Every structure is written in C-alpha cells, then in structure tokens.
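Colleague: here you go, sequence then predicted model.
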Amino acid sequence: MEIHINIVWEVVVILPQVAICGLGFGKNNGYIMYVIMVYMTVLTGVSAFQLLDYRMKVVTTSHHSRLKFWNYFILGICLASCSICMTTLLAAYPEMTDQISLKLKLQKKFPSFPDVFWCDNCIFLDFDSKYLKVFLIFGIFSAFTGGLYSITTTFISIIGLKSLQFTMSHRTLNLQKNFLWSLFLMTLVHVTFIAIPVMLFFLSHFIYIDEKRVGYIFIMLISQHGSGATLVLILTNTSINNVIKSTLQICCLKFRKSFKCHSRVELQNNVVSFIE
C-alpha cells in the first residue's frame, strides 16, 4: 500500500474542499487509484485477522468451540460488509467519472475553489450518490466489526492460554503470551494508522475542517502504517528481538575482524615502504 500511495498515485488530500489529487503516474485515473487503495486496506485488515486467528487456534482446544463459533460469526459479518463496500465502490464508478458536474456543484459551495482542482488528476467523492452512501455505512460497520473481532480473538486466546498453563512449561507460556501481545499491538497500530485517518477523511465531507495540514497527516499515517506495525512487532516480540540482536552481534564481529585485518595489512605495507 505504501508503494501505491507514495509512488504510483502519490496522493494528497486538500481541505476543506476534500480534493483528492494525484501527482504520480497513476494520477489520471484517480477514482481507480482510490478503489485500489480501499481494496488494499481491506486486504491488510484480513491479513491481520489471519495472524490473530492463527495464534488463537494454537492456544485453544475443542472446549472453546462455542466461543470460537461466535467469534467466526463476527468475522463473517465483517467480511460480508467488506464485500458490500467493495461492490458498491465499483458500482459507483460511472457516477464518479462525471467529475465536471460535481466540481461545478462544489464551486458554488466553496467560494475559494482553486483552478488546479479542475485538472483531471484531482477528484472528489460525491456522497449524494446512493452507492457511496451504502459504501460509507457498511465501511463504518466493517471497521466496527473488525475491531470487535480483533478484541474477541485476543480475549479467547487469553482464555485458551490460561486453560493450558498447567500443560505448558513456564517458558513456553510466556513465549505464547508475548507473541499474542505483540500481534495485538501490531493490529492496534493498523487500526490507529488506518481507521482513524479514514474516519476523519469521511467526516470532513460532512463537517467543515479548514486545516490543510490535516490532509497531509491523513496520507502520512496511512502510508506509514506498515512501517509502524513492523517496528512495534520488532520492539515487543522477544523472539524477533533476540534474532535481531544475534544477527547484529555477528555482523559487528565480522566487521571488527575485517577492519583489524585491513588495518594490519595497511600497517605492514607502511612499514615496508618506510624501510625501502
């Protein structure tokens, strides 16, 4: 998603008009770029769900089947809502191609309507469209059910770990808790860096926000969610921490050895040249 936002589309959001302007080589297909970004956001959420689900399956048994049934029921509702969002977004494409009439309407609404907005690389979302209204409603519902699924999955995993504490060694139990905690924090970063900017972006279509820096913050948070989640995973996961420390120690050791050898050879050459 970072490559799509920062390189392919190179998008900026300009407030208070809520103009979505592209500067990359995909700028002339703004609405298609927007659809691709939404699809990538959904896939990011699904991948986070799969990680949490995998940890839950590892630490739970058949005794937790009832809890898991209701948990998967929430996931099913979330995925169904996401499917409706993706479908209505595509269905709105014919309406979104008529940007001229939409820009004329917005020009009457905003006294200051820069000429740059008339370029093909700047698009606007028309929430008077019935398809985008459905998209917005189910998008909010998808975000809510997705967050609920993440919380319930973590809760069931904690219950599963407590039931297995007498069958696992203390070290294994702590390792599983650490994995679960780091995955939950990583998912929380995804939610914070994606869901909050997206919610504010949609809210700015209905509430007047005259602060240009907010639009840049939207894009910055969304484009850096992957880096933030990876950093949190590295900092909070003990196993990954140990691997990185070991790798750095080996690299430092090899560098020191090669530096010593290079210095020794250089010293010998200097001595020989001095004697000659």
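Modeller: Happy to help now that I have it. A quick note: this is a predicted structure, and the numbers were derived from the prediction, not measured.

Colleague: quick one: the strands in the stretch 51-200 of the chain?
Modeller: If you assign secondary structure with DSSP state E, counting those that start in this stretch, the strands in the stretch 51-200 of the chain sit at 122-123.

Colleague: and stretch 90-106, how far apart are its ends?
Modeller: The first residue of stretch 90-106 is 23 Å away from its last residue (C-alpha to C-alpha, to the nearest Å).

Colleague: so what touches that stretch?
Modeller: 17, 31-32, 35, 113, 117-118, 120, 123-126, 129, 131-132, 135 (C-beta atoms under 8 Å, 6 or more residues apart in numbering). Yep, even glycine has a C-beta here, placed from its N, CA and C like the rest.

Colleague: what subset of these is buried?
Modeller: Neighbour counting over those (16 or more other C-beta atoms under 10 Å) leaves 17, 31, 35, 113, 117, 123-126, 129, 131-132, 135 as the buried ones.

Colleague: out of the residues you listed, the closest to Val191 would be?
Modeller: If you rank those by distance to Val191 using C-beta to C-beta, Phe135 comes first, at 19.6 Å.

Colleague: what distance do you get for that closest one to Trp181?
Modeller: 34 Å (C-beta to C-beta, to the nearest Å).

Colleague: repeat for Glu10
Modeller: With distances defined as C-beta to C-beta, the gap from Glu10 to Trp181 amounts to 36 Å.

Colleague: okay, now the residue nearest to Tyr131 when sequence neighbours are not counted: neighbour count?
Modeller: Nearest residue to Tyr131, sequence neighbours excluded (C-beta to C-beta, 6 or more residues apart in numbering): Ala92, at 3.7 Å. A count of neighbours around Ala92, defined by other C-beta atoms under 10 Å, yields 21.

Colleague: hang on, the earlier thing: helices - which of the buried ones among the contacts of stretch 90-106 land there?
Modeller: Mapping those onto helices (DSSP state H) picks out 31, 35, 131-132, 135.

Colleague: quick check, nearest of those to Thr167?
Modeller: Phe135 (47.1 Å).

Colleague: so who does the closest residue to that closest one other than its chain neighbours touch?
Modeller: The shortest distance from Phe135 to any residue other than its chain neighbours is 4.4 Å, reached at Thr88 (C-beta to C-beta, 6+ apart). Under the criterion of C-beta under 8 Å, 6+ apart, the neighbours of Thr88 are 131-132, 134-135, 138.

Colleague: now with 7 Å?
Modeller: Contacts of Thr88 were listed using C-beta atoms under 7 Å, 6 or more residues apart in numbering, and they are 131, 134-135.

Colleague: so can I have a markdown table of these showing pLDDT and distance to Leu221?
Modeller: Rendered in a markdown table, the data for the contacts of Thr88 read as follows (pLDDT from 0 to 100; distance: C-beta to C-beta, whole Å):
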| residue | pLDDT | distance to Leu221 |
| --- | --- | --- |
| Tyr131 | 91 | 27 |
| Val134 | 92 | 26 |
| Phe135 | 91 | 21 |
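
Colleague: of the residues you listed, closest to Glu2?
Modeller: Using C-beta to C-beta, the contacts of Thr88 come closest to Glu2 at Phe135, 23.6 Å.

Colleague: and Val189, what does it touch?
Modeller: Each residue near Val189 by C-beta under 7 Å, 6+ apart is listed here: 225, 228-229, 232.

Colleague: farthest pair within those?
Modeller: Going by C-beta to C-beta, the pair spanning the contacts of Val189 furthest: His225 and Val232, at 10.6 Å.
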